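Visitor: Model the following, please.
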Amino acid sequence: MPDYYLSYLYVFVFFATGAVFVAALLTLSSLVQPKKPTAEKLRTYESGEEPVGPAWGRYPTHFYIFALLFVVFDVEVIFLFPWAVLFRDLGWYGLVEMGIFIFILVAGLYYAWRKDALRWY
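Guide: Residues are numbered from 1 along each chain as shown. Model prediction:
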């Protein structure tokens, strides 16, 4: 068997061992835990504060869209740092590629702006 197949086997065994370990610990903890539910234990918990309103409140979707846009642009900015470190080594090719990348980011930002996804109501 070639060495690269053996490395896949090691990864599979590692993940399988981890999955079995997690499943065994979850099963063990559910078997040995004390089960004495009370009204106080079953109440909704909100960071030490008394809950206000029902626990299943509805939120407008624009909050999720705003948060998702933040995460997308925040993660994409991370790609600028390695490029800045290797800027001299990449030369013109790297500059053109990053220009295309930034253009796509600006186009996405412009689209989100035109659709009022950045408006915090």
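Visitor: Backbone dihedrals for residue 49, please?
Guide: Torsion angles at residue 49 (phi, psi; degrees, to the nearest 10) stand at phi -100, psi 150.
Visitor: for the one 10 residues further on, same thing?
Guide: Backbone geometry at residue 59, expressed as degrees, to the nearest 10, gives phi -110, psi 140.
Visitor: what about it, neighbour count?
Guide: Residue 59: 7 surrounding residues under other Cβ atoms under 10 Å. From N, CA and C alone the C-beta is placed, and that goes for glycine too.
Visitor: From residue 96, how far off is it?
Guide: 42 Å (Cβ to Cβ, to the nearest Å).
Visitor: Centre-most residue in the chain?
Guide: In the chain, the residue lying closest to the centroid (Cα atoms, centre = their mean) is residue 71, at 8.2 Å.
Visitor: Run through the strands of the protein in chain order.
Guide: In the chain, no strands are defined using DSSP state E.
Visitor: Where does pLDDT dip in it?
Guide: 1-2, 46, 55, 121 (pLDDT under 70).
Visitor: what about the longest helix in it?
Guide: If each helix of the chain is counted by residues according to DSSP state H, the longest one is helix 3-32.
Visitor: give the contact list for residue 43.
Guide: By Cβ atoms under 8 Å, 6 or more residues apart in numbering, residue 43 lies in contact with residue 51.
Visitor: Residue numbering should commence at 36 henceforth.
Guide: In the new numbering, first residue 36, that becomes residue 78.
Visitor: Need phi/psi at it.
Guide: phi -70, psi 150.
Visitor: From residue 84, how far out is it?
Guide: From residue 78 to residue 84 the distance is 12 Å (Cβ to Cβ).
Visitor: And the helices in the chain?
Guide: 38-67, 96-113, 115-120, 122-149.
Visitor: With distance to residue 89 added, can I get these in TSV?
Guide: Conversion of the helices of the chain to TSV gives the following (distance: least, Cβ to Cβ, whole Å):
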stretch	distance to residue 89
helix 38-67	28
helix 96-113	18
helix 115-120	43
helix 122-149	32
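Visitor: which one of those lies closest to residue 155?
Guide: helix 96-113 (6.6 Å; Cβ to Cβ).
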